[in-house]
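Asker: Predicted model and sequence below, questions to follow.
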There are 2 protein chains.
Amino acid sequence: MAARRFGFLMFPAFEELDLIGPWEMATMWATYADGPQCLTVAATAGPIRCAKGLSVSADVGFADCPALDYLLIPGGFSAFDAAQDPELLRFVRARAATARAVLSVCTGAFVLAAAGLLQGRKATTHWKALDRLAALDGIAVQQERWVRDGAVWTSAGVSAGIDLLLAFIAAEDGAAVASTVQFNAEYYPDGRTYGDAHRAPQAPAYVRRLP
Amino acid sequence: MAARRFGFLMFPAFEELDLIGPWEMATMWATYADGPQCLTVAATAGPIRCAKGLSVSADVGFADCPALDYLLIPGGFSAFDAAQDPELLRFVRARAATARAVLSVCTGAFVLAAAGLLQGRKATTHWKALDRLAALDGIAVQQERWVRDGAVWTSAGVSAGIDLLLAFIAAEDGAAVASTVQFNAEYYPDGRTYGDAHRAPQAPAYVRRLP
């Protein structure tokens, strides 16, 4: 199989785990099961400060980004700004047109929506932004941890990108490969739910179903 | 309450999610529930390349690091090198002596061990390294997702640091605070287990107990 490439979009103040949870799964896929080469891409290569203060650096700029088979868009409050950035939207639209799949985590869904990629599709986002996504025309918002609609995959908030990636890997390369990734990342969460914040009325349906 | 500080140790080729999973939980704690100020620290401030290629940057060097209430040590294959670095071990020992707690994720346990901090304690690590940790004198290795022994907290591999942090936050500030963090990070994993990699004989006991 020709080497595949998976691009991870960065923009100012993106939410750390939105990108790096999926990044860890995808790079485990590359390391242990012949998965795609992974790289980070932003308007220009170089330093970016994340939402919670972590300092990271993008590998390549939009102009130098090689062809991508997959593109993931993280969220964060700043995703609403990213969704109004014409250059970023041009990049996302152009790459989505030739990619096998596009994925978003959390409010990264608003970037996909602004690029016209959620039109007529099912999608989800962070629970705080479900109403705002539902207010856009032509999107069937689902209150699930992650949603696939053809080549467009979206997830709920922050940590949900990890579950999204494992499901995506299973769909692309089979459950045995997802199993290898899951084992190496030792992703067997303890399933504890603390307190009762998740009983709030704004909690998404999949969370309200928790025991 | 005086502002607390939580240091996240970086060293060359540390494993991305080992640090950034806990970082996201700790910074949600800071943002939504008066948790500690979080910062990254390495031998010297500046760029570090992670195990899977992500480029990050440490906020402060050892010499400039302020007093820390908590210190977390990530893993990765390079943690075995970090565990032989006298300057890094001096830093960890000095900070552990005045911190309220030290935590490790994955093979970060070997740094704690080399610093003498696991002597006579229960601890855990990534499943690939359980035998190697058990071969060290004076450590009672547990095949659990995370282990607390007094002020020393250790977790299993990579993603287990997220569960570790929520448990730690609950212990420090109560279940209601952990609940707020969990809800904002939307950490309600879908609980899927792919394939049968986790049925391997080297899988830790807590994974072999999965249905």
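Answerer: Noted; the coordinates are in hand.

Asker: buried ones in the least confident helix or strand in chain A by mean pLDDT?
Answerer: Lowest mean confidence among the helices and strands of chain A (mean pLDDT, DSSP states H and E): helix A:205-208, at a mean of 96. By 16 or more other CB atoms under 10 Å in any protein chain shown, the buried positions in helix A:205-208 come out as A:206-207. C-beta here means a position set from N, CA and C on the backbone, and glycine is covered the same way.

Asker: Relative to the whole chain's centre, how far out is that helix?
Answerer: Chain-centre distance of helix A:205-208: 20 Å, with CA atoms, centre = their mean, to the nearest Å.

Asker: That one near chain B anywhere?
Answerer: Yes - Helix A:205-208 comes into contact with chain B (CB under 8 Å from any CB of the partner chain), by way of A:206-207.

Asker: which secondary structure elements does that helix contact?
Answerer: Packing partners of helix A:205-208 (3 or more CB pairs under 8 Å, 6 or more residues apart in numbering or on different chains; DSSP states H and E): none among the helices and strands.

Asker: report the longest helix in chain A, please.
Answerer: Secondary structure of chain A per DSSP state H: the longest helix is helix A:16-33.

Asker: now it against helix B:16-33, angle please.
Answerer: If you take axes from the mean of the first three to the mean of the last three CA atoms, to 10 degrees, helix A:16-33 sits at 160 degrees to helix B:16-33.

Asker: what about dumping the CA coordinates of the following helix or strand past helix A:16-33 to PDB?
Answerer: Using DSSP states H and E, the helix or strand that follows helix A:16-33 in sequence is strand A:37-42. What follows is strand A:37-42 as a C-alpha-only set of coordinates in PDB (Å, rounded to 0.1, in the frame of the first residue of the first chain):
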ATOM      1  CA  GLN A  37       2.300   9.100   8.200                       C
ATOM      2  CA  CYS A  38       1.100  11.900  10.500                       C
ATOM      3  CA  LEU A  39       1.900  15.600  10.300                       C
ATOM      4  CA  THR A  40       0.600  18.900  11.800                       C
ATOM      5  CA  VAL A  41      -0.300  21.700   9.500                       C
ATOM      6  CA  ALA A  42      -1.200  25.400  10.100                       C
END
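
Asker: Show residues contacting strand A:37-42.
Answerer: For strand A:37-42, contacts defined as CB atoms under 8 Å, 6 or more residues apart in numbering or on different chains pick out A:3-11, A:19, A:23, A:26-27, A:30, A:48, A:56-62, A:65-66, B:52-55.

Asker: Give me the buried entries from these.
Answerer: A:4-11, A:19, A:23, A:26-27, A:30, A:48, A:56-60, A:62, A:65, B:52-55.

Asker: Which ones among these map onto strands?
Answerer: Secondary structure assignment by DSSP state E places A:5-9, A:48, A:56-58, A:60, B:55 of the buried ones among the contacts of strand A:37-42 in strands.

Asker: which one of these is nearest A:Gly191?
Answerer: A:Phe8 (27.7 Å; CB to CB).

Asker: Return the per-residue confidence for the closest one.
Answerer: pLDDT, A:Phe8: 98.

Asker: who's in contact with it?
Answerer: Here A:Phe8 is in contact with A:19, A:22-23, A:26, A:38-41, A:72, A:74 (CB under 8 Å, 6+ apart).

Asker: how does it look with 10 Å?
Answerer: Taking CB atoms under 10 Å, 6 or more residues apart in numbering or on different chains, we find A:Phe8 in contact with A:14, A:18-20, A:22-23, A:26-27, A:38-42, A:58-59, A:68, A:70-74, A:103, B:54.

Asker: average pLDDT across the longest helix of chain A?
Answerer: Helix A:16-33 comes out at a mean pLDDT of 98.

Asker: Buried by neighbour count: which residues of it qualify?
Answerer: Buried residues in helix A:16-33 (16+ other CB under 10 Å): A:16-30, A:33.

Asker: swap in stretch A:140-147?
Answerer: Applying 16+ other CB under 10 Å to stretch A:140-147 flags A:141-147 as buried.

Asker: follow-up on the earlier one: next, the angle from the longest helix of chain A to strand A:37-42.
Answerer: 160 degrees.

Asker: Helix A:16-33 close to chain B?
Answerer: Yes - judged by CB under 10 Å from any CB of the partner chain, helix A:16-33 comes into contact with chain B through A:16-28, A:30-32.
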